[in-house]
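Participant: Curious how this folds, go ahead:
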Amino acid sequence: MDNKEIYNLIKDFKLENKEQHKSITDKQDFTNGSVRRLQQWRSFMMGGMAVISMFLIPLIIYLVTTFNSNIKTLEQNDYAQHASQELDK
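Facilitator: Just a heads-up that it's a prediction; the model follows:
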């Protein structure tokens, strides 16, 4: 083997190496795009859960407690009306 052949072999090896690295880089970019989308989806879900836990859950608790107290008030008023009707008879 002379120097030209060795030089050509090294040159071919470098070209093959570049092509292999390019395909690896393309695969990595493709995978990273999918990972980025999954990370965005996870962030959206976490944000949605934060909104639900900060606003909706306290609102539901408030509505349930208000509803229960309103029912108790209505029951007391109904009992008072029933008792006054009994006294009027």
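
Participant: Per-residue pLDDT of the residue most central in space within the chain, please?
Facilitator: The structure's the chain has its C-alpha centroid closest to M45; by CA atoms, centre = their mean the separation is 1.1 Å. Here the pLDDT value assigned to M45 is 94.

Participant: how close does it get to I24?
Facilitator: Taken as CB to CB, to the nearest Å, the spacing of M45 relative to I24 amounts to 31 Å. (Each C-beta comes from the backbone N, C-alpha and C, glycine too.)

Participant: thinking again about what came up before, distance of the residue nearest to the centre of the chain from E75?
Facilitator: The spacing between M45 and E75, counted by CB to CB, is 42 Å.

Participant: Can you list the low-confidence ranges for this structure?
Facilitator: Residues of the chain meeting the criterion pLDDT under 70: 28-34, 79-80, 82-89.

Participant: Helices of that one, start to end?
Facilitator: 3-51, 57-88 (DSSP state H).

Participant: Tell me how far the last one lies from the chain's centre.
Facilitator: In terms of CA atoms, centre = their mean, to the nearest Å, the gap separating the centre of helix 57-88 from the centre of its chain is 40 Å.

Participant: So which bits of that helix are buried?
Facilitator: For helix 57-88, the buried set under the neighbour-count rule, 16 or more other CB atoms under 10 Å, is empty.

Participant: list the helices and strands that helix packs on?
Facilitator: Helix 57-88 makes packing contacts with no helix or strand when contacts are defined by 3 or more CB pairs under 8 Å, 6 or more residues apart in numbering; DSSP states H and E.

Participant: Compute the number of surrounding residues for I52.
Facilitator: Using other CB atoms under 10 Å, I52 has 11 other residues around it.

Participant: ditto for V51
Facilitator: Neighbourhood size, V51 [other CB under 10 Å]: 10.

Participant: Distance check, it against M45.
Facilitator: Using CB to CB, V51 is found at 11 Å from M45.

Participant: again, but for T65
Facilitator: T65 is 29 Å from M45, where distance means CB to CB.

Participant: Ok, E19 next?
Facilitator: The span separating E19 from M45 equals 40 Å under the rule CB to CB.
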